[in-house]
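Chemist: 3D, please:
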Amino acid sequence: MTKESSIYSLLKAKFLIDDDALKTWKFIIFLFSLAMLMIYFNHNYDEKNYKITRLTNEVKELRSRFVDTRSELMKLKMESTISKKMEERQILPSSVPPKKIVIHKPEDKSFFDKLKIWQ
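Modeler: Model (predicted):
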């Protein structure tokens, strides 16, 4: 076979209809299935990347909302803010400072010492 005739037979795809074509078809189907698997896995990879990006952006947004809400809560918990809110309801702060009540617990005594108290 000459070079021109081998190129011509390749262009005419004679290798697909020759006697040995079954092996060629098996190899072509194998390559096609590998290509389909590669496309499928690339698609899954891209889909997961998009999902990761979307979730990362959502986490950043939720974190910023958390920080904003926490700072707003800190402002609302301040004594001056609470005093203003209570003044609107005509509840004023006490002019007398609070006193601490201390309760002394008796020491733990043995069972017999406790019996003496009851007698």
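Chemist: biggest helix in the protein by residues?
Modeler: Across the chain, the helix with the greatest residue count (assigned by DSSP state H) is helix 21-77.
Chemist: now it: mean pLDDT?
Modeler: Average pLDDT, helix 21-77: 95.
Chemist: helix or strand right after it?
Modeler: Scanning forward in sequence from helix 21-77 by DSSP states H and E, the next helix or strand is helix 79-88.
Chemist: what about residue 21, how many neighbours?
Modeler: By other Cβ atoms under 10 Å, the residues close to residue 21 number 14. Every C-beta, even on glycine, is put in place using the N, C-alpha and C of the backbone.
Chemist: ok, it touching residue 15?
Modeler: Yes - between residue 21 and residue 15 there is a contact under Cβ atoms under 8 Å: 6.9 Å.
Chemist: what about the residue nearest to residue 83 when sequence neighbours are not counted, how many neighbours?
Modeler: By the measure of Cβ to Cβ, 6 or more residues apart in numbering, the closest residue to residue 83 outside its immediate chain neighbours is residue 93, 6.1 Å from it. For residue 93, the neighbour count with other Cβ under 10 Å is 9.
Chemist: in three-state terms, label residue 93 for me.
Modeler: Following DSSP: H, G, I helix; E, B strand; the rest coil, we place residue 93 in the coil state.
Chemist: tell me the phi and psi of it?
Modeler: phi -70, psi 150 (degrees, to the nearest 10).
Chemist: cool, the one 10 residues further on as well?
Modeler: Backbone dihedrals for residue 103, given as degrees, to the nearest 10, come out at phi -110, psi 120.
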